[in-house]
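A.B. asks: Structure for the following, please:
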Amino acid sequence: MINELRVRDAVADDAEWMLPLNNAAAPAVNTLTAGALRELLSWSAPCLVAEAGDAAAGFVLALPGPGLMYPSDNYRRFSEDFDAFLYVDRVVVDPEMRSRGLGAALYGELSSRAEGNWPRICAEVNVRPPNPRSLAFHERHGFQVVGEQDTEGGVKRVTLLERELTADVA
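C.D. replies: From the prediction side, this is the model:
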């Protein structure tokens, strides 16, 4: 754990450091162009940034669902399966800052904001290529497997995950 850990809402200027951090994390997350990241940020509800000391070190970008014209096989699948959800499109932490509580802090704040607004949080994790670190993280945070699917023409296979929230949706 980091003593000076803070989670805040992303601002437009964060895209400058988020884009290279995101793209360096491939294939755990899909790469983005600057325009695609700006579009995702405009749709996010929310995008949260974890800061360690004075430096941004990770982020989680979540999208409300269904209803967005987002060309993601995974978002589309959750949209078919659920009437309402908050979709974790990506969570990325600087490799040098992993295992220090940033991901847990991001998900803790995301969960707090989701309670009462969405009945569930949905996410997916690659099983081909494998991402056991992310799968274990999501399991520790109460996510349950609700399916699997191939994406990108069969290049990737993902496990679809859901975490039901306890608070009533307003």
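A.B. asks: Which residues does the residue nearest to Trp118 when sequence neighbours are not counted form beta bridges with?
C.D. replies: Leaving out its chain neighbours, the residue that sits closest to Trp118 by Cβ to Cβ, 6 or more residues apart in numbering is Leu86, at 4.3 Å. In short, each C-beta sits where N, CA and C put it, glycine included. Under DSSP bridges, the beta-bridge partners of Leu86 are Pro64, Ile121.
A.B. asks: Pull the contacting residues for Leu86.
C.D. replies: Ala45, Ala62, Leu63, Pro64, Gly65, Leu110, Ala114, Asn117, Trp118, Arg120, Ile121, Cys122 (Cβ atoms under 8 Å, 6 or more residues apart in numbering).
A.B. asks: same deal with Tyr87?
C.D. replies: Tyr87 neighbours (Cβ under 8 Å, 6+ apart): Ala62, Leu63, Pro64, Gly65, Asn74, Tyr75, Phe78, Ile121, Cys122, Ala123.
A.B. asks: picking that back up, turn the contacts of Leu86 into JSON lines, columns for distance to Val146, neighbour count and pLDDT.
C.D. replies: Shown next, in JSON lines, are these (distance: Cβ to Cβ, whole Å; neighbours: other Cβ atoms under 10 Å; pLDDT from 0 to 100):
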{"residue": "Ala45", "distance to Val146": "21", "neighbour count": "16", "pLDDT": "94"}
{"residue": "Ala62", "distance to Val146": "17", "neighbour count": "28", "pLDDT": "98"}
{"residue": "Leu63", "distance to Val146": "17", "neighbour count": "24", "pLDDT": "98"}
{"residue": "Pro64", "distance to Val146": "18", "neighbour count": "17", "pLDDT": "97"}
{"residue": "Gly65", "distance to Val146": "14", "neighbour count": "23", "pLDDT": "97"}
{"residue": "Leu110", "distance to Val146": "18", "neighbour count": "22", "pLDDT": "97"}
{"residue": "Ala114", "distance to Val146": "17", "neighbour count": "24", "pLDDT": "96"}
{"residue": "Asn117", "distance to Val146": "20", "neighbour count": "14", "pLDDT": "95"}
{"residue": "Trp118", "distance to Val146": "15", "neighbour count": "21", "pLDDT": "96"}
{"residue": "Arg120", "distance to Val146": "9", "neighbour count": "22", "pLDDT": "98"}
{"residue": "Ile121", "distance to Val146": "12", "neighbour count": "24", "pLDDT": "98"}
{"residue": "Cys122", "distance to Val146": "8", "neighbour count": "26", "pLDDT": "98"}
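A.B. asks: I'm done for today, thanks for sticking with me.
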